[in-house]
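Asker: Turn this into a structure:
(one chain, ligands or ions: 1)
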Amino acid sequence: MSAVQPIDAPTPAAASCDVVIVGAGFAGLYMLHRLRGLGFTARVYEQGDGVGGTWYWNRYPGARCDVESMQYSYSFSEDLQQEWDWSERYAAQPEILRYANHVANRFGLRSDIQFKTRVDRAVFDEAADRWSVTLSDGQMVRAQFVVLATGCLSNARMPDIKGLAGFKGAVYHTGKWPHHDVDFAGRRVGVIGTGSSAIQSIPIIAEQATHLTVFQRTPNYSIPARNAPLTDDERDAFRARYPEVRRFAREVARNGIYTELPDRGALDDAESDRRAKYEARWQRGGLTFMSVYNNLALDMAANDTAAGFVREKITEIVKDPGTARLLQPDTYPIGTKRICIDTDYFATFNRPNVTLVDIKANPIEDILPDAVRLADGTKVALDALVLATGFDAMTGSVARIDIRGRNGQTLNHKWAEGPKTYLGLMSAGFPNLFLITGPGSPSVLSNMMVSIEQHVDWIADCLGVMRDRGLVTMEAKRDAEETWVAHVNEVAKGTLYPQANSWYMGANIPGKPRVFMPYIGGVGVYRQICNDVAARGYEGFLMAPAEVVRKAAAV
Ligand code: NA7
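Answerer: The predicted structure is shown next:
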């Protein structure tokens, strides 16, 4: 991939600004753009040496977005969406990164971004109503507001496997892939994990490696992506429909993706009709497989029909019956872990150089310098290990920052039993600290671009209102937050989602509280709630001149 050079030179870190933005992924870039447009001064701090966030780090072979590229793109600029040509139905990571760089250059954003700089600490100074932000280079920045644009899947998680540090071969984590080409030719490779990152990379690694061993703890439901180049005609036709597509994605869709809305449940159709509908979606490919019926996330019997269909497909594709059985998920409802989309994943297990190892039945005992040793004593000799073991999702990157709000309370302490936010936008006791796509908002259950733009616009509008009204601080009221957290849990409980040990639940991190983190009510409904809150004078938030807020918070 070609490195894109900055077109405007970075300026030194500001000692103070209106807003500190943490992270230069799609959320941070658009936040900066909006704030500048309103005349605020803002600085972005980014630990990578380039923009793109999750797309900067996840450079593993086959990394590709699971939302179609024409929809996984900004909508805020008509010129931008008309001029950028996506080359494929699902953009691969290098192209998405080029797009992020294009946006940074086109809107001249780089001059306010400081790369290779982590935000280590943010402390709210109650006397001054300002945040003091400490950077990894030792500098301190003062700002009225802090916006955490840290991303939901940005904190790669190393598995805690005995002996891993002593492995003599190369070790790669999919979420922290090197910036140079990795060639697995002539090597015996092991992949640990079978989530989306593994499912995308395994077919490609299998083509290169002498032998590939996949260590699977839990199989995943995966639907063919049916990726293909986009023609000019297809792009033009899509662009012509953008006003409707974007409106639908924002206001109507549950997940921020333009697709037909199902008007019936799975059990309302006869078996043959149901199969025909699943088959049509399977052939079409992609995430919208779960939108065939309106009750797949709600009703176990309905869900079983879709899950059973996918299990049958796996049996059809995978020739060895034992391997096929192992690849069939049957311990959680389909869709309750983010469904994967793939290119030839299941067929890859028909290759003679690929072996599937069931580490649920025969766990990894430890890693030796040149092999993975299983509980039964089997040693799998390896030259390279790929850890496709996921992320400390949604809260992990926030938790790495020492954030201290009123009375010195840390956010980590407050969230020890699970994240607590009002609307996923703010957490009580942490004035002027905003989260983009935070826990308690639809975020990872949606097309992230739609949710990012919604949050950025809401926050930017809010800061504009505060300035116009002479308000200095804003924070979530505790009772509003409690009500919202209860609502988020209530909605989740009405679905099948909590039945899976998913990263939505924090279940992939030992010791992390089991709380369903995203808001499952749908992006359209959620947007309306946020808009209504704003229209009612930011109901549920304390917004007032500094001295008034201090008195109210002390009560
Ligand atoms: P995921 O979806 O969290 O997948 C991680 C995989 O790694 C999953 O199969 C895990 O099994 C497995 N895992 C995690 N820790 C271990 C250990 N210690 N031993 C063995 N196996 C382990 O991460 P991805 O990066 O694939 O995808 C994340 C999201 O990115 C995805 O949902 C898309 O939205 C894009 P488990 O299921 O926990 O048994």
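Asker: how many neighbours does the closest residue to the ligand within the stretch 151-300 of the chain have?
Answerer: Per Cβ to the nearest ligand atom, G195 is where the stretch 151-300 of the chain lies closest to the ligand, at 2.1 Å. Every residue, glycine included, has its C-beta placed from N, CA and C. By other Cβ atoms under 10 Å, the residues close to G195 number 22.
Asker: Now do the contacts for it.
Answerer: By Cβ atoms under 8 Å, 6 or more residues apart in numbering, the contact set of G195 is 220, 337, 340, 388-390.
Asker: one more time with 7 Å, if that's ok
Answerer: For G195, the contacting residues are 220, 388, 390, by Cβ atoms under 7 Å, 6 or more residues apart in numbering.
Asker: Including distance to M543 and neighbour count, could these go into TSV?
Answerer: Below are the contacts of G195 laid out as TSV (distance: Cβ to Cβ, whole Å; neighbours: other Cβ atoms under 10 Å):
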residue	distance to M543	neighbour count
N220	44	22
A388	44	25
G390	38	22
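Asker: The residues you listed: which ones sit near the ligand?
Answerer: Near the ligand, taking Cβ under 6 Å from any ligand atom as the test, the members of these found are 388, 390.
Asker: how about the contacts of G195 in a markdown table, adding pLDDT and secondary structure?
Answerer: What follows is these, written out as a markdown table (pLDDT from 0 to 100; DSSP: H, G, I helix; E, B strand; the rest coil):
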| residue | pLDDT | secondary structure |
| --- | --- | --- |
| N220 | 98 | coil |
| A388 | 98 | coil |
| G390 | 94 | coil |
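Asker: which helices and strands sit right next to the helix or strand harbouring C462?
Answerer: Using DSSP states H and E, C462 falls within helix 448-469. Other helices and strands packing on helix 448-469, by 3 or more Cβ pairs under 7 Å, 6 or more residues apart in numbering; DSSP states H and E, are helix 26-37, helix 523-535.
Asker: hmm, try it at 8 Å
Answerer: Applying 3 or more Cβ pairs under 8 Å, 6 or more residues apart in numbering; DSSP states H and E, one finds that helix 448-469 contacts helix 26-37, strand 433-435, helix 523-535.
Asker: Which of those has the highest mean neighbour count?
Answerer: strand 433-435 (a mean of 27; mean count of other Cβ atoms under 10 Å).
Asker: For the closest residue to the ligand within the stretch 301-450 of the chain, list the residues it contacts.
Answerer: For the stretch 301-450 of the chain and the ligand, the shortest gap (Cβ to the nearest ligand atom) falls at G390, measuring 2.5 Å. Going by Cβ under 8 Å, 6+ apart, G390 touches 156-157, 175, 193, 195, 197, 503, 508.
Asker: how about the helices and strands packed on helix 448-469 in TSV, adding mean pLDDT and distance to V119?
Answerer: Formatted as TSV, the helices and strands packed on helix 448-469 follow (pLDDT from 0 to 100; distance: least, Cβ to Cβ, whole Å):
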stretch	mean pLDDT	distance to V119
helix 26-37	98	11
strand 433-435	98	12
helix 523-535	98	26
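Asker: In JSON lines, list these along with distance to S446.
Answerer: Putting those into JSON lines (distance: least, Cβ to Cβ, whole Å) gives the following:
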{"stretch": "helix 26-37", "distance to S446": "13"}
{"stretch": "strand 433-435", "distance to S446": "15"}
{"stretch": "helix 523-535", "distance to S446": "5"}
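Asker: Ok, which of those comes nearest W131?
Answerer: Nearest to W131 among the helices and strands packed on helix 448-469 is strand 433-435; the distance by Cβ to Cβ comes to 7.2 Å.
Asker: coming back round to it: against G28, how distant is the residue of the stretch 151-300 of the chain closest to the ligand?
Answerer: G195 is 25 Å from G28, where distance means Cβ to Cβ, to the nearest Å.
Asker: One more: D268?
Answerer: Taking Cβ to Cβ, one finds D268 at 44 Å from G28.
Asker: ok, residues contacting the longest strand seen in the chain?
Answerer: When the chain is parsed with DSSP state E, its longest strand is strand 140-148. Outside strand 140-148, the residues that touch it by Cβ under 8 Å, 6+ apart are 13-23, 28, 31, 43, 122, 125, 128-135, 398, 401, 432-436, 438, 459, 463, 472.
Asker: Surely R239 and E83 touch.
Answerer: No. Counting by Cβ atoms under 8 Å, E83 is not a contact partner of R239; they are 9.8 Å apart.
Asker: higher neighbour count, these two?
Answerer: A direct count of neighbours by other Cβ under 10 Å for R239 and E83 places R239 higher, at 17 against 11.
Asker: Check the secondary structure at the more buried one for me.
Answerer: helix (DSSP: H, G, I helix; E, B strand; the rest coil).
Asker: contacting residues around it?
Answerer: Taking Cβ under 8 Å, 6+ apart, we find R239 in contact with 70, 81-82.
Asker: Name the nearest of those residues relative to E453.
Answerer: Distances from E453 to the contacts of R239, taken by Cβ to Cβ, are shortest for Q81, at 11.6 Å.
Asker: Which residues are in contact with that closest one?
Answerer: 73-75, 239, 242.
Asker: Would you mind checking the average pLDDT for stretch 156-163?
Answerer: Averaged over stretch 156-163, pLDDT sits at 94.
Asker: Pull up the distance across that stretch, start to finish.
Answerer: Terminal residues of stretch 156-163 lie 19 Å apart, using Cα to Cα, to the nearest Å.
Asker: what about it, near the ligand?
Answerer: Yes. Residues of stretch 156-163 contacting the ligand under Cβ under 6 Å from any ligand atom: 159, 161.
Asker: May I see the buried residues of that stretch?
Answerer: Neighbour-count burial for stretch 156-163 flags 156-157, 159, 161 (criterion: 16 or more other Cβ atoms under 10 Å).
Asker: Near the ligand, which residues of the stretch 1-150 of the chain? Just list them.
Answerer: So the stretch 1-150 of the chain never meets the ligand (Cβ under 6 Å from any ligand atom).
Asker: Could I get the phi/psi values of the residue in the stretch 1-150 of the chain positioned nearest to the ligand?
Answerer: Distance from the ligand to each residue of the stretch 1-150 of the chain (Cβ to the nearest ligand atom) is smallest for D66, at 6.2 Å. Dihedral pair for D66: phi -90, psi 0, per degrees, to the nearest 10.
Asker: pretty sure it contacts T288?
Answerer: No. In this structure, D66 is not within contact of T288 by Cβ under 8 Å, at 10.7 Å.
Asker: mind checking how far stretch 247-263 is from the chain centre?
Answerer: 19 Å (Cα atoms, centre = their mean, to the nearest Å).
Asker: excluding its backbone neighbours, what's nearest L80?
Answerer: Using Cβ to Cβ, 6 or more residues apart in numbering and skipping residues adjacent in sequence, the residue nearest L80 is Y74, 6.0 Å away.
Asker: Next: G193.
Answerer: Nearest residue to G193 in three dimensions, chain neighbours excluded: A388, at 3.6 Å (Cβ to Cβ, 6+ apart).
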